[in-house]
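**Q** Sequence below, structure please.
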Amino acid sequence: MKLNFKQEVLVLPASLLTHCSEADAATMRVLLWLASDLSLAEKPKQLAKLADCDAKVVKAALQFWQFRDVLVKDEEDEVSPPTVKKEKKTAVEAPTAPEKRTLVERADEMPVYTSNEIASLLESRASMRLLIDEAQRVMGKMFNTSDVNIIVGMRDYLGLEEESILLLLAHCKRVGKTSMRAVEKYAFSLCDKGITTPEALDEAIRTAEAMHTFEGEVRALFGMKSRALTSKESKMLSAWLSFGYGIDVVRLAYEMTVTATNAPSVPYANAILERWNADGLHTLEEIQAALDAEQEKKAGKGDFGSTFDTDDFFEAALRRGLNERRS
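**A** Below is the predicted model of the structure:
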C-alpha cells in the first residue's frame, strides 16, 4: 500500500498525532483545510463552509489547536493589532447563467464552492474546464480546490471575462505573484477601480509592469535594496514615468544629486526632475543641451567655479529638494 499524492501534498506537524484522540471530526477537518491554505484562518465563513461546520465550530477548533501548540501565531500576528474588515459593497456584474448577468452586491470575499460543487460545475460547463486548464498552464502548476475556487469566483462572481483572467494571471506570474490569494486580492483591487474589460486590463498591466521594471532600476541606482518604497517615494516614481523619463534621465539626476549632497536622495533628485519637466525638457538630449548651454553661459561670464548645486538653472529646485530631504 502507498499514499497517492498525485499533484497535491498537505504538510502537518507531527505533534497533532498526540491530540487526534481528543479532536472530533469537524476539528480535524478545520486543521486539514488550514494545512491546504493558512490564509483561511482569516476567512472563518469560507473555512466553515469548506469544513462543513459553522463559524462557532471553526473558532473552537482554532482555539483547540492553538492551546495544544499545533497552531501558533507568527511574528506579524504578535506585533500587528487585529483589524476589522469593513464590508465594502460595490455593484458589479455576476452571471446567474453563462449568457445572462445581473447586478449584485459584492463583498470582500468570493463565495466558496465545495469539491462536489466544483466537480458538478466543471462537468456542466466546458468553457470553465478550458479556462481552468489554460490558467494552470499560465501559472505553471496544478491547482488545488482553493485555487479553482478563485478562478471560478473571478469568472462568475467578479464577472471578469476569460481573456481578462488569463491576462491577469500572466501578469502576476511575470512580477512574481504566484500565490492565487495574491491574484485574488489583485483582482478585487482592479474591479474596485472599474478595470474589468480585457482592453482596460491590458492598459493597467502595461502601466504596472513598466512601474515594476522602473522601480527595480531606481532601487538599484539609489541603493534601496529590498526595503519597501514609502508612499511618497512611490508617488515620485509614478510622476517620473508620467513625465516620460527613463532610467537614463533619472541616472543623470542621481549623479547631480550625489555631486551636490554627497549622498543619494530621492526627494532631491525629484526636485531636479520636476524642474526639468516644468521647463519642457523631456529627453536626455534636450536636458544635456540645456546643461551645456548653461555651462557655456557661465564660462562666458568668467564664472569657472560654479557647480551643479549653485547653477541658477537648478538652484531653486535643489534648495527645495534639500529642504524635503531634511524634513
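**Q** Can you list the low-confidence ranges for the stretch 101-250 of the chain?
**A** Across the stretch 101-250 of the chain, the stretches falling below the confidence threshold (pLDDT under 70) are 101-109, 209-210, 212, 226.
**Q** 80 instead, please
**A** When residues are selected by pLDDT under 80, those of the stretch 101-250 of the chain lie in 101-112, 175, 196, 205-216, 225-229.
**Q** now the helices for it?
**A** Using DSSP state H, counting those that start in this stretch, the helices of the stretch 101-250 of the chain run over residues 115-124, 126-139, 145-152, 162-174, 180-192, 198-222, 231-242, 247-261.
**Q** hey, which of these is tucked in deepest?
**A** Taking mean count of other C-beta atoms under 10 Å as the contact definition, the stretch among these with the greatest mean neighbour count is helix 145-152, which reaches a mean of 21. C-betas here are computed from N, CA, C, even on glycine.
**Q** Now residue 64: closest residue in space, sequence neighbours ignored.
**A** Nearest residue to residue 64 in three dimensions, chain neighbours excluded: residue 27, at 5.5 Å (C-beta to C-beta, 6 or more residues apart in numbering).
**Q** pLDDT score assigned to that neighbour?
**A** According to the per-residue confidence, residue 27 scores 86 in pLDDT.
**Q** A helix includes it, no?
**A** Yes - counting by DSSP: H, G, I helix; E, B strand; the rest coil, residue 27 is located in a helix.
**Q** Tell me how many other residues surround it.
**A** Applying the criterion other C-beta atoms under 10 Å, we find 22 residues in the vicinity of residue 27.
**Q** What of the one 4 residues further on?
**A** By other C-beta under 10 Å, 23 other residues sit near residue 31.
**Q** Show the contacting residues for it.
**A** Going by C-beta atoms under 8 Å, 6 or more residues apart in numbering, residue 31 touches 12, 16, 23, 61, 65, 70, 71.
**Q** Would you mind checking the residues you listed for buried ones?
**A** 16, 23, 61, 65, 70, 71 (16 or more other C-beta atoms under 10 Å).
**Q** Three-state assignment for the last one, please.
**A** Classification of residue 71 into helix, strand or coil gives coil, according to three-state DSSP.
**Q** Could you find the closest non-adjacent residue to it?
**A** The shortest distance from residue 71 to any residue that is not its chain neighbour, by C-beta to C-beta, 6+ apart, is 4.2 Å, and that residue is residue 65.
**Q** Residue 279 too?
**A** In space, and not counting its chain neighbours, residue 279 is closest to residue 290: 7.2 Å by C-beta to C-beta, 6+ apart.
**Q** And residue 60, by the same measure?
**A** Computed as C-beta to C-beta, 6+ apart, the closest residue to residue 60 that is not its neighbour in sequence is residue 27, at 7.5 Å.
**Q** residues in contact with that neighbour?
**A** Contacts for residue 27 (C-beta under 8 Å, 6+ apart) come out as 57, 60, 61, 64, 65.
**Q** Among these, which are located in helices?
**A** Taking DSSP state H, the ones among the contacts of residue 27 that sit in helices are 57, 60, 61, 64, 65.
**Q** wait, what's in contact with residue 50?
**A** When the contact criterion is C-beta under 8 Å, 6+ apart, the partners of residue 50 are 29, 33, 40, 112, 114, 145.
**Q** Distance check, the residue most central in space within the chain against residue 160.
**A** The geometric centre of the chain, computed from its C-alpha atoms, lies nearest to residue 186 (C-alpha atoms, centre = their mean), at 6.0 Å. Distance from residue 186 to residue 160, counting by C-beta to C-beta, to the nearest Å: 11 Å.
**Q** got it, and residue 60?
**A** Remark: distance between residue 60 and residue 160 (C-beta to C-beta) = 36 Å.
**Q** Among these two, which residue is more densely surrounded?
**A** residue 160 (26 against 15).
**Q** OK, contacts around the residue nearest to that one when sequence neighbours are not counted?
**A** Residue nearest to residue 160 in three dimensions, not counting chain neighbours: residue 154, with 4.9 Å by C-beta to C-beta, 6+ apart. Applying C-beta under 8 Å, 6+ apart, one finds that residue 154 lies in contact with 110, 160, 165, 168, 184, 187.
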